[in-house]
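Chemist: Sequence and predicted structure are below.
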Amino acid sequence: MADIPVLAPALSATIVRHATRDTLADQAGNPTPAHVLSTPTLVAWFESAVSQAMLPYLSPNHLILGAHIEIRHRRPTPPGHDVRVHALLLAQEGNKTTWQLQAHDEDELIADGTVVSALVDADAFAERLRLKEKRFLPL
């Protein structure tokens, strides 16, 4: 089992992503013509920023799994804008990390929130999944 690293206080990362047609709300299942950056895309980018911050500290046998997310999508972003997502580590308790996130387009703060991630051993996780899948095999 891989040891859980102790992360540096105030660890952070910033990523930049581009709002494209594929990232828009109407492409993510919104049935109205909402041609702006989707909240599900922001959730994925939040998790990506968190992962970028942690990756240098993890062994190849660690997985980063989302455990909880809160997001406030404050302002719309049309396609063509770059979005800067910043993740800041607030706390670590064992294998759980809590992060503060902010996303800005070129004009303003567009979203903020928190992400809780769990660091887990990949082999132990795979074994848990294997045991769970086994219950559903046909007789």
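Modeler: Alright, I've got the coordinates. Numbering: from 1, shown residues only.
Chemist: How about the helix ranked longest in the chain, which residues are buried there?
Modeler: Looking across the chain with DSSP state H, the single longest helix is helix 39-54. Going by neighbour count (16 or more other Cβ atoms under 10 Å), the buried part of helix 39-54 is 41, 42, 43, 44, 45, 46, 47, 49, 50, 51, 53, 54. The way it works is simple: take the backbone N, C-alpha and C, and place the C-beta from them, glycine included.
Chemist: how far away is the spatially closest residue to residue 48 that is not a sequence neighbour from residue 93?
Modeler: In space, and not counting its chain neighbours, residue 48 is closest to residue 15: 5.9 Å by Cβ to Cβ, 6 or more residues apart in numbering. Noted for residue 15: a distance of 25 Å to residue 93, by Cβ to Cβ, to the nearest Å.
Chemist: cool, residue 51 as well?
Modeler: 19 Å.
Chemist: before we move on, the earlier item: so what sits opposite the residue nearest to residue 48 in the bridge?
Modeler: Note on residue 15: beta-bridge partners by DSSP bridges are residue 85.
Chemist: how deep is it tucked in, by neighbour count?
Modeler: Residues lying near residue 15 (other Cβ atoms under 10 Å) number 18.
Chemist: ok, now which ones touch it?
Modeler: Neighbouring residues of residue 15 by Cβ atoms under 8 Å, 6 or more residues apart in numbering: 45, 48, 49, 52, 84, 85.
Chemist: And for residue 88?
Modeler: Contacts of residue 88 by Cβ under 8 Å, 6+ apart are 10, 11, 12, 99, 100, 101.
Chemist: Now with 6 Å, please.
Modeler: 12, 100 (Cβ atoms under 6 Å, 6 or more residues apart in numbering).
Chemist: now the residue nearest the centre of the chain: how far from residue 101?
Modeler: With distances taken as Cα atoms, centre = their mean, residue 47 lies nearest the centre of the chain, 1.0 Å away. Distance from residue 47 to residue 101, counting by Cβ to Cβ: 9 Å.
Chemist: Low-confidence ranges, the chain, go.
Modeler: Of all residues in the chain, those with pLDDT under 70 make up the ranges 1-2, 134-139.
Chemist: show me where it has strands.
Modeler: With DSSP state E as the criterion, the chain has strands at 12-18, 62-73, 82-93, 96-104, 109-121.
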